[in-house]
Structure formats: structure tokens, C-alpha cells
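[1] Okay, sequence plus prediction incoming.
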Amino acid sequence: MKLAETGEALREILKGAPRPCVLVPTMGAFHAGHVSLMERAREMAGPHGSVVVSIFVNPIQFDRAADLDAYPRPLTRDLATCRAAGVDVVFAPDAASMYFPDRSVTVTETMLSRGLCGATRPGHFDGVCTVVLKLFLLSGCDAAVFGEKDFQQLAVIRRMVRDLDVPVEIMAAPTVREADGLAMSSRNTRLTPEQRADAPRIRQALSAAAELKNPAEALAFARRAIEASPLARIDYLTLVDAVTLQPISEILRPAILATAVFYGDVRLIDHAAVTP
Ligand code: AMP
């Protein structure tokens, strides 16, 4: 496995590397969800293609400095995880090598990124689109794998690729969960034992609410079930169209019940599909 710490080094390593080249963009602090993305990338690349994992805690997608500072960065352990997963190349740049101090170009998606996490995290998806496009250009990858857990991110990236004619195939991998249903997240390690024990209520609330076909009832049920905990504070809880991500009040097409919940200053997201 090769390690590149700058964009130039990555380009050099990947020059003439076997294709297809499949990229897994991450911020590190790996759990089984990330490993499933690496496995998906290997399936796509085949035994002879190249699997590239980027590990970069992208400062421009964080709206809260405290969240950026607290984000875990266990690089040595992450490299071992990549090696065990058969990754060919890890790209782990630092912020100074990714961004010029006077950088002035940003990629902005203006529809799908406005609600949900975009509403409460200003600038987040600009930061995501900008870094993902840079990672695509630096790696010259043919395909990239993203988790469905971050379904808004997946939709925004797909829109960016469509609208800007980016020649990268976007693949989605299902959400990997803990045994108690909590969606795996690098932020879960920052929960106190009490918060961790309480957090599966998010998934339980969404799954049960998604069975209720009346949108107002579903939202009210999920809100009650989450707010029954004194530890949980809802950031948003919304029912949106699965394609447009716009809020809906009638379920005529596939929809998504999505939430972000704070436990202390740790913000967790999850969603459930709602079918008409
Ligand atoms: P991050 O955790 O922000 O570094 O995410 C890197 C990639 O892993 C993104 O495409 C996420 O959607 C994906 N991911 C994060 N958590 C999970 C999970 N529990 N299951 C599947 N994919 C995940």
C-alpha cells in the first residue's frame, strides 16, 4: 500500500496505475461502515484495478470550530485498516497542501443542499462539493463510493457530477449499523456511555414512524419518541421527497424521514425510507 501526502505525490503514484481507479473519500476514524465502502470499491475495481482511500478532515465543510477540533484523527490505526482491507493507495494530505491561503473558488449546489443538514450547517455542502471535486481531479478516478447514511451528501454529489459533466461514476453503499441499530459514525466515540445507550432511539423512532402513512402523524410520533429522552435534542426532523429533498406533506412518491439529533455537542444523523 502506498501513501501520498500531497496532491502531486498522489498524481505521481497514480500515473499509469491499473484501472479502473475507484476512490473512497473519507475523513478517517474508520469503522465497519467505511470498511464496507472499501470492499465495495474493490468489487468495482476488480482484483487488478486501483482502490484509493482519501483521509482528509476537510476544514471548509465544518461550520463549528469545536466540531472540527474534536474530530478524531487516529491515522496510524486508519492506515492499518486500509492495509487490511486491501487498499492500494491512501491519500492523506494536510489542509495546507489542499488549500491555498487565498483560495477563491468554491463549488456551490443550490437546490438539494439548501434544506436538512444544509439549513443548519451553513457552507457545509459548498465545502463538501469543493473538496470532492478536488479529490476527483487529483486522483483522476473512474468511480467513487459514498455511503447512503449521508443521503443528502450523496444526492448533492450526484447532482454536481451530473451538472458539471464530471466523468466519475458515483456508487452508493448501504448504511452499516451497530447491533442495536445505531448508524455507525466516527462521532459515536464522542458520546458518553449514557448518551451511547440512549442513541439507538433515533433509529427506532424513525423506523416505527416510517410505518405510519400519515406524514403529520409520522413526524409527531418520531418527535415524541426522540424527545422522550432528556439527553436528545432535535436539530431537525423532516419528511422530504426522496428525489428533490423538498419537504412534503403528502406521500405520493418515495420519501425520506430524516433527522439530526444532538447529544451534548455531538450531532448524529439518520433517516428512513417511506414508501407511498
Ligand atoms: P465520513 O464518516 O464523513 O468520513 O464518511 C466517509 C464516507 O463513509 C461517506 O461516504 C459516508 O457516507 C460513509 N459512511 C459513514 N458512516 C457510514 C455507515 N455507518 N455506513 C456506511 N457508510 C458510511
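    Yep, that arrived. None of the values given here were measured: they were computed from a predicted structure. Residues are numbered from 1 along each chain as shown.
[2] Going by C-alpha atoms from here, please, whenever you check contacts or count neighbours.
    Noted.
[3] Where do the domain boundaries of the chain fall?
    2-173, 186-274 (automatic domain parsing).
[4] can you tell which of those is closest to the ligand?
    domain 2-173 (3.2 Å; Cα to the nearest ligand atom).
[5] end to end, how far does the closest one reach?
    25 Å (Cα to Cα, to the nearest Å).
[6] Can that domain be said to contact the ligand?
    Yes - with Cα under 6 Å from any ligand atom as the criterion, the ligand is reached by domain 2-173 at Pro25, Thr26, Met27, Gly28, Gly33, His34, Phe146, Gly147, Glu148, Lys149, Asp150.
[7] Report pLDDT for Pro276.
    Pro276 is assigned 88 on the pLDDT scale.
[8] list the contacts for it?
    Pro276 makes contact with Lys213, Ile251, Leu252, Arg253, Pro254, Ala255 under the criterion Cα atoms under 8 Å, 6 or more residues apart in numbering.
[9] 7 Å - rerun?
    Residues near Pro276 by Cα atoms under 7 Å, 6 or more residues apart in numbering: Ile251, Leu252, Arg253, Pro254.
[10] where are the low-confidence patches of the stretch 1-150 of the chain?
    Applying pLDDT under 70 to the stretch 1-150 of the chain flags no residue at all.
[11] so where do the helices sit in it?
    Taking DSSP state H, counting those that start in this stretch to define them, one finds helices in the stretch 1-150 of the chain at 7-14, 32-45, 65-70, 75-84, 95-98, 116-120, 124-139.
[12] Ok, the stretch 151-276 of the chain next?
    Using DSSP H, counting those that start in this stretch, the helices of the stretch 151-276 of the chain run over 151-163, 193-198, 201-210, 215-227.
[13] Can you give the contact residues for the last one?
    The list of residues contacting helix 215-227 from outside it, by Cα under 7 Å, 6+ apart, reads Arg201, Ile202, Ala205, Leu206, Ala209, Ala210, Leu212, Ala232, Arg233, Ser249, Glu250.
[14] Likewise for the first one?
    Identification of contacts with helix 151-163 by Cα under 7 Å, 6+ apart yields Glu109, Leu112, Ser113, Cys129, Phe146, Glu148, Ile170.
[15] Out of those residues, name the ones that lie in strands.
    Counting by DSSP state E, those place Phe146, Ile170 in strands.
[16] and the two most separated of the contacts of helix 151-163?
    Maximum pairwise distance in those, criterion Cα to Cα, is 18.7 Å, between Glu109 and Glu148.
[17] For the stretch 151-276 of the chain, which residues are neighbours of the ligand?
    Contact residues, the stretch 151-276 of the chain versus the ligand (Cα under 6 Å from any ligand atom): Pro174, Thr175, Val176, Arg177, Ala183, Met184, Ser185, Ser186.
[18] Mind checking which of the residues you listed are buried?
    Thr175, Val176, Arg177, Ala183, Met184, Ser185, Ser186 (16 or more other Cα atoms under 10 Å).
[19] Mind telling me the two of the residues you listed farthest from one another?
    Pairwise distances across those peak at 13.2 Å for Thr175 and Ser186 (criterion: Cα to Cα).
[20] and for the two, which residues touch both?
    Contact criterion Cα under 7 Å, 6+ apart; residues shared by Thr175 and Ser186: none found.
[21] Reformat the helices of the stretch 151-276 of the chain into JSON lines and put mean neighbour count and mean pLDDT next to each item.
    Converted to JSON lines, the helices of the stretch 151-276 of the chain look like this (neighbours: other Cα atoms under 10 Å; pLDDT from 0 to 100):
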{"stretch": "helix 151-163", "mean neighbour count": "18", "mean pLDDT": "98"}
{"stretch": "helix 193-198", "mean neighbour count": "14", "mean pLDDT": "98"}
{"stretch": "helix 201-210", "mean neighbour count": "21", "mean pLDDT": "98"}
{"stretch": "helix 215-227", "mean neighbour count": "18", "mean pLDDT": "97"}
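[22] Rebuild those helices as JSON lines, extending it with distance to Asp88.
    Below are those laid out as JSON lines (distance: least, Cα to Cα, whole Å):
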{"stretch": "helix 151-163", "distance to Asp88": "24"}
{"stretch": "helix 193-198", "distance to Asp88": "34"}
{"stretch": "helix 201-210", "distance to Asp88": "35"}
{"stretch": "helix 215-227", "distance to Asp88": "42"}
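[23] Thr275 is nearest to which of these?
    Of all the helices of the stretch 151-276 of the chain, helix 201-210 comes closest under Cα to Cα, at 8.2 Å.
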